[in-house]
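K.L.:
model the structure of this input:
(2 chains)
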2 protein chains.
Amino acid sequence: MPDFTDNLRPSQPDGPTTLARERAESNISPKELSEHLLSADGFLERQARILPIVQREPLFSKEKQQNLSRPERFKLGLARAKLLRRLKDQHQWSHDEYKMAEYLVDDVSPYFLHLEMFITTIREQASEAQRAEWMPLIESWKIVGAYAQTELGHGSNVRGLELEARWDSQAKEFILHSPTLTASKWWNGSLGRIANHAIVVAQLLLPKAGSVNEYVSHGPHPFIVQVRDMKTHLPLSGVVVGDIGAKYGYITMDNAYMLFDNFRIPHSAMLSRYSSVDPNTGIYTKPEQPALVYGSLTYVRAQIVHHARLVLARAVTVAVRYTAIRRQFQDRDGDKRGPEMAVLDYPTVQIRILPLLATAFALHYTGQSMRATYQSTREAVEQGDFRSLAHMHSMSSGLKSLCTMLAADGVETCRRAMGGHGFGGGSGLIQLNNDYLSKPTVEGDNWMITQQVAAYLIKKMTTAVDSLASPATDKTDAVFKEFVRNRGNGFSKAGLDVLASDRDVVQSFELRAAALTYDVYEQRVLKKQSWNSLLIQLHKLSKVTAFFESLSTDDFLSDSTKTVMWDLFRLFAFHTMETEAFEFFCCNAVTKSDLDRLPARVQELMSRIRPHAVNLVDSWMIPDYLLDRYKNYSFISIEDP
Amino acid sequence: MPDFTDNLRPSQPDGPTTLARERAESNISPKELSEHLLSADGFLERQARILPIVQREPLFSKEKQQNLSRPERFKLGLARAKLLRRLKDQHQWSHDEYKMAEYLVDDVSPYFLHLEMFITTIREQASEAQRAEWMPLIESWKIVGAYAQTELGHGSNVRGLELEARWDSQAKEFILHSPTLTASKWWNGSLGRIANHAIVVAQLLLPKAGSVNEYVSHGPHPFIVQVRDMKTHLPLSGVVVGDIGAKYGYITMDNAYMLFDNFRIPHSAMLSRYSSVDPNTGIYTKPEQPALVYGSLTYVRAQIVHHARLVLARAVTVAVRYTAIRRQFQDRDGDKRGPEMAVLDYPTVQIRILPLLATAFALHYTGQSMRATYQSTREAVEQGDFRSLAHMHSMSSGLKSLCTMLAADGVETCRRAMGGHGFGGGSGLIQLNNDYLSKPTVEGDNWMITQQVAAYLIKKMTTAVDSLASPATDKTDAVFKEFVRNRGNGFSKAGLDVLASDRDVVQSFELRAAALTYDVYEQRVLKKQSWNSLLIQLHKLSKVTAFFESLSTDDFLSDSTKTVMWDLFRLFAFHTMETEAFEFFCCNAVTKSDLDRLPARVQELMSRIRPHAVNLVDSWMIPDYLLDRYKNYSFISIEDP
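P.N.:
Okay, the predicted model is just below:
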């Protein structure tokens, strides 16, 4: 209904005018920087090509989806997932192109598990014969699968799973059975309503040698199991399965519960690339490398690490553009009758948003380094070389914990920095926040998996101490050995000048990591303190230096851009030092006088970065369609007004 | 549909068994402690009486509400609010009893603004004649009102509001007009669909003396305005009003946008207790005490401060019970074949939850102290004594910021400490989190209002410095003067022994607050640094000592309970010191050697508190109905199984 508001304009200067001025006043080229960040694997070109295709589909319009009920939203998610599937065929999209479309549509796909954990597990853990049987069915979508590992009472400790797969040597079948309520499979995505098959992880029970009624558990193993009728889609007899109900986010995902009542599956159901049961003798063959079994989890963690930068960049994009436009109060020291100050000019706003802008770049270089490590390790493993597996496992755990925490907390900080409008749907941050808040706890709870990093680092420190005279075997070993050698004489790096040298900043972080590890090593190995009491200290351990190394070796960026990128590196590092000042002080990684000067230095860096903030977020090239902006909020737009 | 799962039980020991054992093994009496905490104003008795009344109403069942769409959820909220209103009449509930019912039903009432800001503003800012006209209509619900102050482009800076109320001296009317889109009223609760009247805050424009076409703004003033037709409920001609759409939480609230197109209102619409316009001469009378105008906001902030304890207590209740029952991994140093360890026995879980348990108690004593200050100040003001107004305003701002931050971050920390189940609807924390996350930004953004606290404290420090020889006028003045006197000789409190003396703990916090204030005072007043650069430092200023004073003067609690309460006080204080170690160190409020010993002391305190954790949360008496638990999660129940 037309009314007088149709002709109203925002007060001047309005959003587009302000952003245009911000963009003109910075000498950073978003185009150049975005190519540096996102062109390597064709991401930018792919986004530009796929965006118009998904954007013209009415089914993908995000305008009213926040008003829908959970069942309606699930059905919409399902319809969208099917349309994406049809578009994939129609445009002959590669997997990367399909993932791009999914990223832009921004629904958690109800088919996610089919396309990720289900297919990956078959690919990696099924025998040749099993792969030949199942892969064609999966790839042609003749069956739809899920991955059922977690139980109501059992998550990270996979050994604690209760579901039983008991070998019946007469019938040569396994019997799946849930002995308790806590043995209910729980959380398993794509299974509540959709999947007809699932990888089901259960305790493998085999008869005890020389006994008829006694069984021995050989630990959790994966089985491929049909759970619903292919015609009626009803659960098979002996299977109880359904949707677990409302969650914080993931509204389009049918996370499931599932229980089995003495449900029989054939011998061929057990995925047997690495371990198997002889159907005739019932004899069990163990995997040579138990770590291989966790391959899919490492893959998912590496993906999460790589994706974190885009999540944080999206929130920072919204927050920077909004606070550049939003004005509030006059400068107390300035002209009281002039226009109000842009909120982003307040140091109290800068200190919340600009370190996160720097963090988005830090996450980028970390993600790249994670991806490179994953690829080289997989290649080595395929050729039988398992040496780097422990390092990759530790790296993916530690970085998954660190990166998801930084991104999840960062999204919320951006939201709050926008005041009331961060609470409104127009911010585009609601679904992002709701969905992403799963990340600190899924695929290995952040606090829990830090144990794995700690175990690895203690082992490295023990080796360093025991082989102090031998040459260093890798970078970590070198840092640890140097630390141990210099412990006696008041630390080696007392002369670090973090305010003047970027390399000293990196060495300061190295020193702090080594000192914390040594503390833990000393208490654990030398003083025999209880493991659990130490975990608190260990959570603070992992940090990254990939940012420094990438900038040091980069020969793509122009001088003006690189100057700002170095400032971002310093802001990220100094802000961390400031937050954890006492720890840096105690191990002499930063001197007291430098710590005293840090707040002023951080403010100086922020005022240098501030004029480029809009162009820096532009360089992440998050399209308006993904920002999910409302018409009311047309000021937060990357495009020309 | 019955199936084999009907007879399944959780693995043993199950939730009720574990909680029963936890409860039996602690010598803390939840009954005694709950009376100490909640009986003073009859809260406990009221809860026990109202709970069965609301719980038996099918409309108040929370079982399926998470599956509803936003429009459905709004309608349900409206129906519930109406039923609450009918029950109030039926049972002749007092305002406190009505608020209790609302607290238990746990919907944000769509009528909230009618009952709070609308009625409060009329009560406090209307003239006698206006009160006589409007109060009967409001109290009998013949009209329903809202409070329309915030605009799309203007929030905390009330002076920046754009909506105009121009005085037409011919017609003797005001003309309300929205000159721009950013002048749209925005966020105004109860107005999007429900209210027919609103307090509308607009710039009062009066003709410039001796001019016909020029106007002068006398700043924002409140007007009472009818906005919808009393029969058709359609917006009156010249009014554009509606719902702003989806938000993070507050799903049952119809937050509004509203614009006016040269909309005429009578002279009597301007609330004129403190300021007025002479209808014949157009001459403006200013309020004597401008601070009085902000009375309603201070009231709302004080309420928020007082409520924070129950929000955090609710999240901590869920987290403590869940982690006491949930088991994961064997103790690495213990028997590898025994049952898994309760998650709450891990120091990494304790360090997240137990300081929050301590914080809930700290918030309680803070809230009590806030309420007492509010009441005594209101009484003084009613008798014409305005001296304590500045202190109350500063206290309500600072504590609103601190308490909502502690509670909001605490709910999220509890949620994440529960791993995957914290992401599930069964946690009962989803709506709590979604709704409460509005609190750090509403009624004065937390970061912004810290300015008001800072301004007050700088003024106090300036006075202390200028009148060093005079006797102290209040507690703050005494602390500041002592600090200033002893600045020269390496601080007065170098001898503080925080690990041995609880009083020294309080003095350490006092010293740190004085030192930070002095820093800011020095830079602002002496070194003339820009105000905005200092705000970052100021946000860390406010802390509370009410916990200490309440325990010191308490003569109600038994010795065993009081011992644990002192441990909670120390955990709260030491955990804060540890988190902000460098600041305490720099001003010599805690020595380096004490800071080094803090982590061990915190762990020792946590292991002393741990056995009482379940009984301590029980003492908050949060009923299962409010915890909003699902049947699947029956283990987190306060009641007997």
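K.L.:
please name the nearest non-neighbouring residue to residue A:154.
P.N.:
Nearest non-adjacent residue to residue A:154, counting by C-beta to C-beta, 6 or more residues apart in numbering or on different chains: residue A:160, 4.5 Å away. All C-beta spots, glycine's among them, are computed from the backbone N, C-alpha and C.
K.L.:
residues in contact with the one you found?
P.N.:
Neighbouring residues of residue A:160 by C-beta atoms under 8 Å, 6 or more residues apart in numbering or on different chains: A:153-154, B:327-329, B:340.
K.L.:
which helix runs longest in chain A?
P.N.:
The longest helix of chain A (DSSP state H) is helix A:347-382.
K.L.:
and that one, what's buried?
P.N.:
Neighbour-count burial for helix A:347-382, with 16 or more other C-beta atoms under 10 Å in any protein chain shown as criterion, is recorded at A:347-370, A:373-374, A:377-378, A:381.
K.L.:
what about chain B: which of those residues touch it?
P.N.:
A:347-349, A:351-352 (C-beta under 8 Å from any C-beta of the partner chain).
K.L.:
which helix or strand in chain A has the lowest average pLDDT?
P.N.:
Across the helices and strands of chain A, mean confidence by mean pLDDT, DSSP states H and E is lowest for helix A:531-538: a mean of 55.
K.L.:
what sits up against the following helix or strand past that helix?
P.N.:
With elements assigned by DSSP states H and E, the helix or strand that comes after helix A:531-538 is helix A:546-553. Contact with helix A:546-553 is made by A:361-362, A:365-366, A:368-369, A:502-503, A:505-506, A:562, A:565-566, A:569, A:572, as judged by C-beta under 8 Å, 6+ apart.
K.L.:
wait, what's in contact with residue A:311?
P.N.:
Residue A:311 sits next to A:407, A:411, A:432, A:436 when contact means C-beta under 8 Å, 6+ apart.
K.L.:
try it again with 10 Å
P.N.:
Listed by C-beta atoms under 10 Å, 6 or more residues apart in numbering or on different chains, the contact partners of residue A:311 are A:304, A:360, A:363, A:403-404, A:406-408, A:410-411, A:432-433, A:435-436, A:439.
K.L.:
cool, and residue A:357?
P.N.:
Residue A:357 sits next to A:312-313, A:316-317, A:319-320, A:350, A:410, A:414, A:568, A:571-572, A:606, A:609, A:612-613, A:616-617, A:620 when contact means C-beta under 10 Å, 6+ apart.
K.L.:
the stretch 251-400 of chain A: strands as residue ranges?
P.N.:
Along the stretch 251-400 of chain A, counting by DSSP state E, counting those that start in this stretch, strands occupy A:256-260, A:263-266, A:276-277, A:284-285.
K.L.:
would you mind finding the most buried of those strands?
P.N.:
strand A:256-260 (a mean of 26; mean count of other C-beta atoms under 10 Å in any protein chain shown).
K.L.:
now do the host helix or strand of residue A:100: which elements does it pack against?
P.N.:
Residue A:100 is part of helix A:95-105 when elements are defined by DSSP H and E. Helices and strands touching helix A:95-105, by 3 or more C-beta pairs under 10 Å, 6 or more residues apart in numbering or on different chains; DSSP states H and E, are helix A:43-55, helix A:70-91, helix A:295-325, helix A:624-627.
K.L.:
kindly recompute the last result at 7 Å.
P.N.:
The contact analysis (3 or more C-beta pairs under 7 Å, 6 or more residues apart in numbering or on different chains; DSSP states H and E) places helix A:95-105 against helix A:43-55, helix A:70-91.
K.L.:
okay, the angle between that helix and helix A:295-325?
P.N.:
Between helix A:95-105 and helix A:295-325, the angle comes out at 40 degrees (axes from the mean of the first three to the mean of the last three C-alpha atoms, to 10 degrees).
K.L.:
contacts for helix A:95-105 next, please.
P.N.:
Here helix A:95-105 makes contact (C-beta atoms under 7 Å, 6 or more residues apart in numbering or on different chains) with A:46-47, A:50-51, A:54, A:60, A:80, A:84, A:87-88, A:109, A:625-626.
K.L.:
distance to residue A:40 added to these, as TSV?
P.N.:
Formatted as TSV, the contacts of helix A:95-105 follow (distance: C-beta to C-beta, whole Å):
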residue	distance to residue A:40
A:46	12
A:47	13
A:50	17
A:51	19
A:54	23
A:60	27
A:80	29
A:84	25
A:87	25
A:88	23
A:109	25
A:625	23
A:626	20
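K.L.:
closest to residue A:137 among the residues you listed?
P.N.:
Within these, proximity to residue A:137 (C-beta to C-beta) peaks at residue A:88, which comes in at 17.8 Å.
K.L.:
C-alpha coordinates for stretch A:231-241, PDB please?
P.N.:
Output in PDB follows, covering the C-alpha atoms of stretch A:231-241 (Å, rounded to 0.1, in the frame of the first residue of the first chain):
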ATOM      1  CA  LYS A 231       9.300 -48.000  -1.300                       C
ATOM      2  CA  THR A 232       7.300 -46.900   1.700                       C
ATOM      3  CA  HIS A 233      10.200 -45.000   3.400                       C
ATOM      4  CA  LEU A 234       9.000 -46.500   6.700                       C
ATOM      5  CA  PRO A 235      11.600 -47.700   9.300                       C
ATOM      6  CA  LEU A 236      12.300 -51.400   8.900                       C
ATOM      7  CA  SER A 237      11.000 -53.600  11.600                       C
ATOM      8  CA  GLY A 238      13.400 -53.500  14.500                       C
ATOM      9  CA  VAL A 239      14.500 -49.900  13.700                       C
ATOM     10  CA  VAL A 240      13.100 -46.900  15.700                       C
ATOM     11  CA  VAL A 241      14.200 -43.700  14.100                       C
END
